[in-house]
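*Asks:* Predicted model and sequence below, questions to follow.
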Amino acid sequence: MQYTVVMCQRTFHITSEESGVLQCAFLHCQDVHTKTRYQAVRLYGLGYPVAQIIDICACSRPSLMQWCRAYRQGGLTALIDRRQGGNRARLSPRQMEAIQTQLHRYKPAQLLGRDACQGDGQFWSVPELACLLKRDYAVVYQSDNSYRTLLAKCGFSYQKPAKQYKSRSQDNLMEFEELLEKNS
């Protein structure tokens, strides 16, 4: 059985003038993502092998092809990175400062009430922070990771809760604590 390999002919080519414009845009651009797009499109249009472009620009093949299509349809401006920055952009620096102050000054039960808290409402966790942000700032993140990042920015770290055994007697615990107080 014989297999025939059909190689696709590259239809995207740029002129030396377009290459110069892309090179100039690359050299003067401050945004790293846009700069990568300029370089990748330029190299592809000059006929560099795709594997080499992917290696040089650290991009994927689908991204490279998408950038080339965008350039063909809209020119240089179509390659500009227009991402806005996800969840972190939902809070202003002033709001971040206010949240940090709230989290350090109050316990969840004090701000949200005991009913809205997990556990005894002594420590901030993702559900409590989510409730606070929704109530006071009208901000809801899609990912719990965004709340964890916000807690970390406010100076909180993840703590693994201590295990509590169901067979533990509350009376025995109180007696033990009283004994400790007497001995100290």
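*Replies:* Everything's here; your move.
*Asks:* any weak-confidence spans in the protein?
*Replies:* Where the chain drops to pLDDT under 70, the residues are 1-8, 84-89, 159-168, 184.
*Asks:* can you give me the helices in it?
*Replies:* Taking DSSP state H to define them, one finds helices in the chain at 16-28, 32-45, 50-57, 61-74, 93-105, 108-112, 126-137, 144-153, 170-183.
*Asks:* List the buried residues in the shortest one.
*Replies:* It stands for helix 108-112. 108, 109, 111, 112 (16 or more other Cβ atoms under 10 Å). For glycine as for every other residue, the C-beta is placed from the backbone atoms N, C-alpha and C.
*Asks:* Spatially, what comes nearest to the second one if we skip its sequence neighbours?
*Replies:* Think residue 109. Nearest non-adjacent residue to residue 109, counting by Cβ to Cβ, 6 or more residues apart in numbering: residue 121, 2.8 Å away.
*Asks:* The helices of the chain: which one's closest to residue 81?
*Replies:* Across the helices of the chain, residue 81 has its closest neighbour in helix 32-45 (4.1 Å, Cβ to Cβ).
*Asks:* Tell me which other helices or strands that closest one touches.
*Replies:* On a contact count with 3 or more Cβ pairs under 8 Å, 6 or more residues apart in numbering; DSSP states H and E, helix 32-45 meets helix 16-28, helix 50-57, helix 61-74.
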